[in-house]
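Asks: coordinates for the following, if possible.
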Amino acid sequence: MDIFNGRTKHTNIALFAALAGCIFMVVLPDIALLSAQKGIVLWAGSILPALLPFFICVGFMNSLGITEYLPRGLFVFTMSVLAGYPMGARIIGDMVRRGEIDLYTARRLISFCSTSGPTFLLGAVGTGMLGSHEAGIIIALSHYAGALMTGALFCGALRLLPFSRAKGKTVRNLKEYRKSGAKASTSSKFKSSQQDIFSLFTDSILGALKSLGIVLSYIVMFMFITDLVQFSGILNIFHEPYAKAVFKGLFEMTVGCSAVSKTLISLNFKTVLASFLVSFGGISVIGQSLSMLAGSGVGTPYFISVKLCHGFSAALIASVLLHFITL
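Replies: Reported below is the predicted structural model:
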């Protein structure tokens, strides 16, 4: 067919997936409607109230240029922690595309700068889903400690690879980058001083709503995918409810954490499973992050390996912490 001429294999797969999704929504409208309703309720009940104020504050601080005074690595990690997925990937992708860092540095940074936000971990997952602020603290501690552990492991492994930092292609040298950064900082401060403060705040609100709208869309779509998988009977191969919940979480972490919270297992086990899911992120977060890293050279296998390592590291750390903290 002419429609497929000139298209890449990945584009054709995406086209078939979108077409199949439309067909399933027409054939199974009840499942599509119920999935959308559940996704919206989950987003409105847990995600929106936990993240909206924080997204606005982070965006407002960034528009004022406060974070520009931080070193590059610390800046990316701080924004990744404060704003959550996929902010770290977005900043790193922009840096590579602007020629500020090379592939080696991008891989080093993404190995520990792909995290969720504390408000989501503490508020949405801990208090909102698991009903325990202490569980949220353990999940947050294991999540960030797991990110640093993953970063240490992958940064060490990268030094053993055939290429080194010196072989990475960087458009600007460090001196040029610092001069450019200084000019950008001055320009940003000048812009902030000239622009009305309430206009900046309004822009931060609009940016936060846009980001949360994207999160809502991913939740609804992957809620439909997981419900479709359940309707197909594939989940019947799992005998334990928590195994089905984890399988859902491999697609969308919010859906998985919500499903885990409803299973009849101990709070300790729920905390460990939730630590793995939020740190791995699911296909939804991986897809968002890879789209932000487009053109950076950070490949899909490498990033998936990073997220798997992060997930297992966080689960291990949570298990250790639970020996010292009683929920």
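Asks: how about the helices in the stretch 101-250 of the chain?
Replies: 103-110, 118-119, 133-158, 174-194, 197-232, 241-249 (DSSP state H, counting those that start in this stretch).
Asks: Val272 is nearest to which of these?
Replies: When these are compared for distance to Val272 using C-beta to C-beta, the nearest one is helix 133-158, at 8.5 Å. To be clear about C-beta, it is placed using only N, CA and C from the backbone, and glycine gets the same treatment.
Asks: circling back to that earlier point, turn the helices of the stretch 101-250 of the chain into TSV, including distance to Lys270.
Replies: Below are the helices of the stretch 101-250 of the chain laid out as TSV (distance: least, C-beta to C-beta, whole Å):
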stretch	distance to Lys270
helix 103-110	29
helix 118-119	19
helix 133-158	7
helix 174-194	43
helix 197-232	18
helix 241-249	8
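Asks: mean neighbour count and mean pLDDT added to those helices, as a markdown table?
Replies: Listed next are the helices of the stretch 101-250 of the chain as a markdown table, based on neighbours: other C-beta atoms under 10 Å; pLDDT from 0 to 100:
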| stretch | mean neighbour count | mean pLDDT |
| --- | --- | --- |
| helix 103-110 | 22 | 92 |
| helix 118-119 | 22 | 90 |
| helix 133-158 | 20 | 94 |
| helix 174-194 | 12 | 44 |
| helix 197-232 | 17 | 85 |
| helix 241-249 | 21 | 93 |
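Asks: between these, which one is closest to Trp43.
Replies: Per C-beta to C-beta, nearest to Trp43 of the helices of the stretch 101-250 of the chain: helix 197-232, 4.8 Å.
Asks: how far out from the middle of the chain is that closest one?
Replies: 12 Å (C-alpha atoms, centre = their mean, to the nearest Å).
Asks: relative to helix 241-249, how tilted is that helix?
Replies: With axes from the mean of the first three to the mean of the last three C-alpha atoms, to 10 degrees applied, the angle from helix 197-232 to helix 241-249 works out at 130 degrees.
Asks: which one of the helices of the stretch 101-250 of the chain lies closest to Ala36?
Replies: Closest among those, using C-beta to C-beta: helix 197-232, at 5.2 Å.
Asks: now for that closest one, which elements pack on it?
Replies: Applying 3 or more C-beta pairs under 8 Å, 6 or more residues apart in numbering; DSSP states H and E, we find helix 197-232 packed against helix 9-27, helix 29-42, helix 48-63, helix 241-249, helix 253-261, helix 282-292.
Asks: point out the most buried one among the ones you listed.
Replies: Among the helices and strands packed on helix 197-232, ranked by average contacts under mean count of other C-beta atoms under 10 Å, first place goes to helix 253-261 (a mean of 26).
Asks: show residues contacting the following helix or strand past that one.
Replies: The element immediately downstream of helix 253-261 (helix or strand, assigned by DSSP states H and E) is helix 267-280. Residues outside helix 267-280 that contact it (C-beta atoms under 8 Å, 6 or more residues apart in numbering) are 116, 120-121, 125, 129-130, 132, 135, 138-139, 142-143, 146-147, 242, 245-246, 249-250, 253, 256-257, 260-261, 263, 307-308, 310-315, 317-319, 322, 327.
Asks: cool, thanks, signing off.
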